[in-house]
Every structure is written in C-alpha cells, then in structure tokens.
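Visitor: 3D, please:
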Amino acid sequence: MNRILTLSVLAVLILTLAPTAQAVWTTSATAPSSFRPNRDVTFTYTATSSSAADVPLAWRVNLYTCQDTDGDTWCEPTDANRIDHGQRTINIVGGQTETVTWTVNLAHPEGAYQYHFHTACLNNPCTGSLQPGGAHNKTGTFQLAYTDTWTRQIVATTPTSQGATQTVTYRLTSTSPDDRDLAGSAALASRPPDSPETDLGSKPYSALANTVSQVSWSGVSFPEIGTHRLIVTDTKQPKTTLDVTVRGVHLHVTQPRVVYPEGARFSLYFALEGHGSTPDPAPIGGADISVSVLNGTFTIASDVLRTDGQGRAYANFTAPADAQRLEWRASAAGTWGDTPYDILREGFVDFRPDLDASAIEESLAAIHQSLSEVQLKGVHLDEIGARNMWMSMLRATGTVALVILLILLVAFIAFRV
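Guide: Predicted coordinates for the structure are as follows:
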C-alpha cells in the first residue's frame, strides 16, 4: 500500500515538473496602405513562437485581393477584381519565427481594395497542429492610387553679372515611388527687364518616380542690368518661373564742353556706380580709374584717379597749342561685391581758334565794304541803255547773295567761338 502511494506521488511530481506542450503562437500580416497601379509591392504573413514547448505549426496561407463589393471584409469569388495571389507554406516547430511573402502588382483602376490572408491546415485532418482560422486570418484595406510629390524648379546662378552666360537647368524631383512617371517637353524663355520674351528652345525629358531628373540649356546670356525672368513651359505642368538678378557697374563720364579754344585746359568728371542689387545705384568708392589723352596715336597725358566715397573722380588736362582734336580713354576694372567689371569709355575734344570781338567787327566791316563796291559797280553798268534791265536783275541777285554770305559767316564765327 505504501509502495503504491509513493509511486502515485512520484507520478504527480513528474507530471507537474515535466514541460507541457503549449500553443502560444502569434500571427501578423503587413501590407502597404497605398501603392500605384503596375508597381511591385510586398505583402507578408508572419508566425512567431516564443517557447520551444509550443506545438509545431503546419499551415498553408493564401492571399487574396479584391474590391469588397458586399462589404463583408472578405475576398470572395463574387467580389470585383478578385485575385488569388497563391499559397505559401509555414511548417515550423515551437520557438521559431517564419515569414512568407507575396509580390503583388495590380493593374486595376485606382480605388479602395481589400486584402485577405486565409489560413488552413497543411495536413487534413489537422493532427497535432495548432488550429488555423479565426484571428489567424488577416484582413485589411489599401488604396490603389497614384501620389504626386513632383516638384519642379529652375536652377540658375543669381545674382549674376551683366553680360555673363551660364547653364540653366529645369529640375524635376519625385520623393515617392508611387508617383506617375513623366514624359514630356519643356520650353525655356527669358524676359529681360522692359523687353519681350526670348524663346531659348524646347527639350524633351523623361522622369521616373522617386528620382531626380533634369534638362539643361547652355550659354544662356544676361545682357541687361536688372531682373531677368526665366520661364519654363512644361507640357505636364503650368509655368515655372525664376527671377535672376543681373548686376553690373557703370562708369559715367561728364564732359562739360566738346569745343575748347586752342591750347586750353579741359575737364572730365567721373562717377563709378553699381546697379542691380538695390533700387538706387550704389557708389563705388576707393576704386581706380585710368585716364589717357591721345593726339592721334601719341599719348600726351595719363593719370590714375581714385574715386571718393561717392564714387566720383575729376581730371583736367592742357591741350598742346597745335592740337585740333584730342581723344580720351577712361577704364575701370575690379570687383563690386561678387560682380567683376571691366569698363572702357572713350570720347574726344575739339579745339578752334579763339576769335575776339574786334576780329569779328573787322570781318563784318570788310564784308560791308565789299557789298558797297558791288552796288556802286552795279549802278555804273545800269547806265548802259541796251542792258539796263539785265543789269538791274544782276545787281539785285548779287545783293541777296552777299547778304546770305554775311549771315553764314557770322554764324560760322559764332560757332567756332
């Protein structure tokens, strides 16, 4: 009797201490919430056990997608666009994890869709295996649709320098694989300040989703100071624009007179200004301006001027006594901010004899005396009977001609002074 009791206690202890097979399996499924038509995506189903004491798992899993016509969250043969994506097998022991995957590519119209993972026993009947179905069947929804993360921009250097040329790029950027692929053409135009648009040509492009694509135009010029607007017209998108600030430097030269007396001193006034970065010109102080004066091919004077805080400088030169025309050249080169400049300005000065008032009076008196003599000779000839009328006409014509000559001479002398 005691022996039987002892064996019973040992049996209870053995059963108590021996591990018991369990069925603590967890299952999950993942699917993209949205993807575009005709793109490969991955659907997954995973079974996980945290204990080696769990019973083995021997399942088959089918994936279906459809548009859930009857609203029961299952994909049945009567539902629209139902597709059976095939069967996968999970056959593992406790304490392990296994994931099975499907590559799904749907070409159906955009819209809301249902997915359905259906589990069943690998063997029939299900002997010694965890029962499938119930919570182990997974369902959910997803959208079959295109996204649109496309951004478009014109890439150019701004500000830039007057007269510079550069490459202008039209860049298309997508950050989602579910965007539509694009193919089209882009036309570039430039509108300088206060001028009509200039067509710079059209280029085709092909842009894939989730990438950066671009087309470029080389040698685009910016000849005028001010704001140039670049415009890209895309067959797939409204216009894209970029304003480019074009900066430049002007060397203004003021010459008070064009004609001076022979051997006189003449003056030149300079102003060096930057344009384009602000509404008003910016004076450029502390810059050098080189000035030279030439008589034909000979340089007779030169100087290097330094602009003051207002960007101004002044120079004066004495002309040789025999000079009739002198040429001057002024140049300035340097950098204003990040804008280089190299400017040449040219002009000339004429020199004429300086006639005073007494010389003019003597000239007028001589003209008057000559006129009187012609008139007297005309009276004498008029006394000839046979040519009386003809000489009268000649006298009148000569008088008018001399008056006109007098007027022209006075005007010429005044101009030379």
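
Visitor: low pLDDT regions in the stretch 101-250 of the chain?
Guide: For the stretch 101-250 of the chain, the stretches flagged by pLDDT under 70 are 127-129.

Visitor: again, 90 this time
Guide: Filtered on pLDDT under 90, the stretch 101-250 of the chain yields the residue ranges 108, 122-131, 133, 162-163, 193-195, 224, 226, 236-238.

Visitor: So which residues of the stretch 201-350 of the chain form strands?
Guide: Counting by DSSP state E, counting those that start in this stretch, the segments of the stretch 201-350 of the chain that form strands are 212-222, 226-234, 237-254, 259-261, 265-275, 282-283, 288-295, 298-306, 312-318, 325-336, 339-352.

Visitor: Would you convert those into CSV that also reports mean neighbour count and distance to residue 33?
Guide: For every residue, glycine as well, the C-beta is placed using N, CA and C. Formatted as CSV, these follow (neighbours: other C-beta atoms under 10 Å; distance: least, C-beta to C-beta, whole Å):
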stretch, mean neighbour count, distance to residue 33
strand 212-222, 16, 25
strand 226-234, 19, 30
strand 237-254, 17, 27
strand 259-261, 16, 86
strand 265-275, 19, 55
strand 282-283, 16, 56
strand 288-295, 18, 68
strand 298-306, 13, 71
strand 312-318, 16, 69
strand 325-336, 17, 56
strand 339-352, 15, 52
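
Visitor: domain ranges for this protein?
Guide: 2-144, 151-247, 255-352, 357-416 (automatic domain parsing).

Visitor: How far away from the center of its chain is the longest one?
Guide: The chain centroid and the centroid of domain 2-144 are separated by 55 Å, computed with C-alpha atoms, centre = their mean, to the nearest Å.

Visitor: that older thread, quick one: closest of the strands of the stretch 201-350 of the chain to residue 187.
Guide: Using C-beta to C-beta as the criterion, the shortest distance between residue 187 and the strands of the stretch 201-350 of the chain is 4.7 Å, found for strand 226-234.

Visitor: now the angle between strand 265-275 and the closest one, please.
Guide: 40 degrees (axes from the mean of the first three to the mean of the last three C-alpha atoms, to 10 degrees).

Visitor: Does strand 226-234 pack against any helices or strands, and if so which?
Guide: Contact analysis of strand 226-234 by 3 or more C-beta pairs under 8 Å, 6 or more residues apart in numbering; DSSP states H and E lists strand 151-155, strand 164-173, strand 182-191, strand 237-254 as its packing neighbours.

Visitor: which residues are in contact with the host helix or strand of residue 102?
Guide: Residue 102 is part of strand 97-104 when elements are defined by DSSP states H and E. When contacts are taken as C-beta atoms under 8 Å, 6 or more residues apart in numbering, the neighbours of strand 97-104 outside the stretch itself are 40-49, 57, 61, 63, 65, 85-86, 88-90, 92.

Visitor: Of the residues you listed, select the buried ones using a ChimeraX command.
Guide: The buried residues among the contacts of strand 97-104 can be selected in ChimeraX (16 or more other C-beta atoms under 10 Å) with this line:
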select :41,43,45,46,47,48,49,57,61,63,65,85,88,90,92
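
Visitor: returning to that earlier point: kindly reformat the helices and strands packed on strand 226-234 as CSV containing distance to residue 329.
Guide: Written out in CSV, the entries for these read as follows (distance: least, C-beta to C-beta, whole Å):
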stretch, distance to residue 329
strand 151-155, 40
strand 164-173, 25
strand 182-191, 33
strand 237-254, 10
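
Visitor: so which of those gets nearest residue 114?
Guide: When those are ranked by proximity to residue 114, the top entry is strand 182-191, at 30.6 Å, counting by C-beta to C-beta.

Visitor: buried ones in that closest one?
Guide: Taking 16+ other C-beta under 10 Å as the neighbour-count basis, strand 182-191 is seen to contain the buried residues 182, 186, 187, 188, 189, 190, 191.

Visitor: Also stretch 53-67?
Guide: Neighbour-count burial for stretch 53-67, with 16+ other C-beta under 10 Å as criterion, is recorded at 54-55, 57-67.

Visitor: Perfect, I'm done here.
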